[in-house]
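J.: Fold the stuff below for me.
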Amino acid sequence: MILKYFLFLTELVGTIAFSVSGVLTAKRQKLDLFGALVLGMVTATGGGVLRDILMGHTPPVMFQRPVYAALALVTALAAFHIEKKSRLLEDSRKAVYLLNAADTIGLAVFAVSGTETVIAAAQEDNMFLAVFVGVITAVGGGILRDILAGRIPVVMRRRVYAVAALIGAVLYYLLRQTFGIQLFIAEVISIAVIMLIRFLAIHYLWNLPGFEENSHDKQTAGNQ
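T.: Numbering: from 1, shown residues only. Prediction:
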């Protein structure tokens, strides 16, 4: 019972972090209050909704236990008004840092909780399902946020975002199922590893190999 409460509390922390990242994205895109609330809500709950649909849990947990949606909404509203009054993020570098920090916390928490959802549903022998659901839970909200904000999702272009979630989900599954580590310890280790990978990637500007725009591409785009 204590372990279940710990998992619930970590999900609440992830909900708050993702809601804040949604509001920060709204600020960068110069959206209004409604836009900030929508992005905060979608970022915080979108991954969980996708997780529940994949697992066949309908209606999704956010509709059965509105505490997640309520917390996301309250957090988004508070973050919007705090930023409007204090303007803490006028420095663009500080804004990017806080956005990355909030995104990283949410990513780590939901990668682990999504993987645990599959294990707890008596599907512990299906590693592919557990890891896939863990990653979708972690990145789903951010993808929906970026689509609504009119930008290419971060998961596809920057700072080993989904890779960190993938590594953390695999690690958590192995700790729980192969080595029999208790939920609390496995969660702490996996969350710490995901956050470490993300912060190192942000600090050292790590990216996966990708397509770069060359001079020919620029010239072609200019002629169109």
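
J.: residue ranges with poor pLDDT in the chain?
T.: Across the chain, the ranges flagged by pLDDT under 70 are 1-3, 87-92, 213-224.

J.: Output the longest helix belonging to this structure.
T.: helix 92-120 (DSSP state H).

J.: what's the very next helix or strand once past that one packed up against?
T.: Toward the C-terminal end, the helix or strand that comes next after helix 92-120 (DSSP states H and E) is helix 127-148. Other helices and strands packing on helix 127-148, by 3 or more Cβ pairs under 8 Å, 6 or more residues apart in numbering; DSSP states H and E, are helix 2-28, helix 33-55, helix 92-120, helix 161-173. Using the backbone N, CA and C atoms, a C-beta is placed for each residue, glycine as well.

J.: can you list the ones you listed in JSON lines and add distance to A186?
T.: Shown next, in JSON lines, are the helices and strands packed on helix 127-148 (distance: least, Cβ to Cβ, whole Å):
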{"stretch": "helix 2-28", "distance to A186": "10"}
{"stretch": "helix 33-55", "distance to A186": "18"}
{"stretch": "helix 92-120", "distance to A186": "8"}
{"stretch": "helix 161-173", "distance to A186": "6"}
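
J.: Let's have those helices in JSON lines, adding mean neighbour count and distance to S86.
T.: Formatted as JSON lines, these follow (neighbours: other Cβ atoms under 10 Å; distance: least, Cβ to Cβ, whole Å):
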{"stretch": "helix 2-28", "mean neighbour count": "21", "distance to S86": "12"}
{"stretch": "helix 33-55", "mean neighbour count": "23", "distance to S86": "15"}
{"stretch": "helix 92-120", "mean neighbour count": "23", "distance to S86": "12"}
{"stretch": "helix 161-173", "mean neighbour count": "24", "distance to S86": "28"}
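
J.: Compare those helices and report which one is nearest to L71.
T.: Nearest to L71, of all those, is helix 2-28, at 5.2 Å by Cβ to Cβ.

J.: Output the contacting helices and strands for that closest one.
T.: Secondary-structure packing of helix 2-28 (3+ Cβ pairs under 8 Å, 6+ apart): helix 33-55, helix 67-86, helix 92-120, helix 127-148, helix 183-204.

J.: roughly how far is the longest helix of the chain from the heart of the chain?
T.: Relative to the mean C-alpha coordinate of its chain, helix 92-120 is positioned 4 Å out (Cα atoms, centre = their mean, to the nearest Å).

J.: Could you check how far M41 is from V49?
T.: According to Cβ to Cβ, to the nearest Å, M41 and V49 sit 11 Å apart.

J.: can you check Q123 too?
T.: Distance of Q123 to V49, computed by Cβ to Cβ: 19 Å.

J.: what's the closest of the helices and strands packed on helix 2-28 to L12?
T.: Closest approach to L12 among the helices and strands packed on helix 2-28 is made by helix 67-86 (6.3 Å; Cβ to Cβ).

J.: Helix 2-28 and that closest one, what's the angle between them?
T.: 40 degrees (axes from the mean of the first three to the mean of the last three Cα atoms, to 10 degrees).

J.: Touching, G46 and I147? I think so.
T.: No: with contact defined as Cβ atoms under 8 Å, G46 does not reach I147; the gap is 9.9 Å.

J.: And the residue nearest the centre of this structure?
T.: Centroid check for the chain by Cα atoms, centre = their mean gives L107 as the closest residue, at 3.4 Å.
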